[in-house]
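[1] Here is a sequence together with a model predicted from it:
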Amino acid sequence: MYEYTDKVIEALDKYIIRQFDKLNFTNETTYITSAKRLYKKIDKKARECFLDIAAYYYFENTDSDKYEPTKDSIDKWLKEYNPVTTYQYDNEVERKAARYAESMLATNGAAKEKKIGMRYLSNMTTEYCLEATDNALINAYKANGVDKVIWVTENDDRVCHICIDRDGKEYDIDKIPPKPHLNCRCYYIPAK
């Protein structure tokens, strides 16, 4: 289900690593400005990826342009509170940049802190890539007149008990419960 999303995530992760590797702090005063610049650049690329994913899944599932993903719709979505991540994307990017700068200052640019910063940012962008996929599918289904969907799990050994309980259940398209955890690979199909 998430094949295209996984390809985008892999490319975005490589981009994140390259950007962190390019970063070179020359003195303590550059930690904060460099971290802000780094996170802003990665955020811009991530938003392009979210839009790419949304457009791909939307147009793979409908011919309608009723809910066509746009840069503005992605920006609006990223300003909303997310019950899965329990934060709002825009604020979290700024917070992560500040925390990264603080950790680099406190450790004089330790390699361990660099890896932690990359991992946290990668985890966040991965989750939002999955969310972009789900939102695009729901909007495509709505454009096609679907009013109910069925929750589908990956049916592997990593499926949690909450998702197992939801597997095969039908939900009103406007009342689908939030995913129960980060990196949930469950998805929705139109109910017949």
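    Received it, and whenever you're ready, just let me know what you need.
[2] Report the contact partners of residue 132.
    Residues near residue 132 by Cβ atoms under 8 Å, 6 or more residues apart in numbering: 5, 49, 50, 51, 53, 54, 57, 74. The way it works is simple: take the backbone N, C-alpha and C, and place the C-beta from them, glycine included.
[3] mind running it again at 7 Å?
    Each residue near residue 132 by Cβ atoms under 7 Å, 6 or more residues apart in numbering is listed here: 50, 53, 54.
[4] which secondary structure element contains the second one?
    Right, residue 53. helix 28-61 (DSSP states H and E).
[5] Distance from the chain centre to that helix, please.
    In terms of Cα atoms, centre = their mean, to the nearest Å, the gap separating the centre of helix 28-61 from the centre of its chain is 10 Å.
[6] which residues of this protein fall in helices?
    3-22, 28-61, 71-79, 89-107, 111-143, 161-166 (DSSP state H).
[7] so what pLDDT did the residue positioned nearest the centre of the chain get?
    Against the mean C-alpha coordinate of the chain, by Cα atoms, centre = their mean, the closest residue is residue 128 at 1.0 Å. Looking at residue 128, its pLDDT is 98.
[8] Begin at 50 from now on, thanks
    All set: I'll call the first residue 50, so the last point we hit is now residue 177.
[9] Let me know the distance separating it from residue 61.
    Relative to residue 61, residue 177 is positioned 10 Å away (Cβ to Cβ, to the nearest Å).
[10] try residue 169
    14 Å.
[11] Of these two, which one has the most company?
    A count of neighbours by other Cβ atoms under 10 Å puts residue 61 above the other of residue 169 and residue 61, at 24 against 14.
[12] ok, the more buried one touching residue 174?
    Yes: taking contacts as Cβ atoms under 7 Å, residue 61 lies within contact range of residue 174: 5.7 Å.
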